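> Pasted the sequence and its predicted model underneath.
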Amino acid sequence: MKIVVLDAGTLAFDDAVWSVLGELGDVQLYVSTSADAETIIERIREAEVVFTNKVPLSAEVLEAAASLKFIGVLATGYNVVDTATAARLGQTVCNVPTYGATTTAQHTVALILELCNQVGQHSASVHAGDWVRSELFSYWQQAPRELAAMTIGIVGFGTIGRRVAATVNAMGAQVLASARTERNTPDYDGFEWASNDVIFERADLVSLHCPETSETSGFVNAALLATMKPGALLVNTARGGLVCEVSLRAALRSGTLGGAAVDVVCKEPMAGDCPLLGAPNCLITPHIAWASEPARRRLLATSVDNLRQFIAGHPVNVVSG
């Protein structure tokens, strides 16, 4: 069985860690693969199994891979694969649903706290000598914002959204949450279900945790941002395409929003003309919320198990219908 991994470099493991796949077939690892169809087709033409994290597998690519039987997505989101075409061709697509919930929730809370407390900004200020020159024992460039005095909106109440909500609520915040299906309502005080429109109108900070679909793509636009409280904050650790970046930049520049923090952008790796580059009061991390070592090891282990289960005739985590 020929197994091809198109972008092994995203997991940052040495070849020895990947050797577990060698028990299942002949493995070809590529650190990265460009997104052009010709290159992808050349690399997977004879493969029976393909693993991809962000390399797109379009209808054109899948139709050219006559031997392909199994596609393992090294992620939770599987929009990089044309699953309808895969299903039509009899190619099974499997993802890894929950490997990164803990680390992504942790990173989200870190961004929330950084927006509220500006730890990095104040540390830089102190190192620049501002405290040495101060006449007072204490100073701030932005007064800390207290979570206990805030309402936090959670858009998308899956595993990650629930963890973030429980954490900020434990620090005193009121929580508004939206979900496609309102179920398993938390039993802590200060929780309320609300529509997205209500969340953006009432929350002091909105955190996005929903998938990007045809309904949610670009839904955080100029009109929705204009409904937020003056000085409100926005956090996005979900998908860059949920947000119209031009509109977000404009809201930050005008002062309509007090700040934003994102771990994802519309085009990754980031393009040089990304509207958020240089935007005021905008924290950007390079899509690292998922990337703790324990999470990456869980991701690889589950991906390998997905293939084992497929070979055994009992596929799990199937997303191709």
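Ah, there it is. Numbering: from 1, shown residues only.
> Name the residues of the helix or strand containing residue 168 that come out as buried.
Assigned by DSSP states H and E, residue 168 belongs to helix 159-170. Within helix 159-170, the residues that qualify as buried are 159-165, 167-169, counting by 16 or more other CB atoms under 10 Å. Every C-beta, even on glycine, is put in place using the N, C-alpha and C of the backbone.
> So which residues of the stretch 101-250 of the chain form strands?
Assigned by DSSP state E, counting those that start in this stretch, the stretch 101-250 of the chain shows strands spanning 151-155, 174-178, 191-193, 205-208, 232-236.
> what would these look like in JSON lines with distance to residue 21, mean neighbour count and mean pLDDT?
Shown next, in JSON lines, are those (distance: least, CB to CB, whole Å; neighbours: other CB atoms under 10 Å; pLDDT from 0 to 100):
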{"stretch": "strand 151-155", "distance to residue 21": "37", "mean neighbour count": "26", "mean pLDDT": "98"}
{"stretch": "strand 174-178", "distance to residue 21": "39", "mean neighbour count": "23", "mean pLDDT": "98"}
{"stretch": "strand 191-193", "distance to residue 21": "43", "mean neighbour count": "15", "mean pLDDT": "98"}
{"stretch": "strand 205-208", "distance to residue 21": "34", "mean neighbour count": "27", "mean pLDDT": "99"}
{"stretch": "strand 232-236", "distance to residue 21": "33", "mean neighbour count": "25", "mean pLDDT": "98"}
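> now these in a markdown table, with distance to residue 320?
Formatted as a markdown table, the strands of the stretch 101-250 of the chain follow (distance: least, CB to CB, whole Å):
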| stretch | distance to residue 320 |
| --- | --- |
| strand 151-155 | 27 |
| strand 174-178 | 28 |
| strand 191-193 | 32 |
| strand 205-208 | 26 |
| strand 232-236 | 27 |
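> To residue 225, which of those strands lies closest?
Of all those, it is strand 232-236 that lies closest to residue 225, at 7.8 Å by CB to CB.
> Contacts for that closest one, please.
Residues from elsewhere that reach strand 232-236 (CB atoms under 8 Å, 6 or more residues apart in numbering): 108, 111-112, 115-116, 203-208, 220, 225, 228, 242-243, 248, 257-264.
> Could you rerun that using 7 Å?
For strand 232-236, contacts defined as CB atoms under 7 Å, 6 or more residues apart in numbering pick out 108, 111-112, 115, 203-208, 242-243, 257-264.
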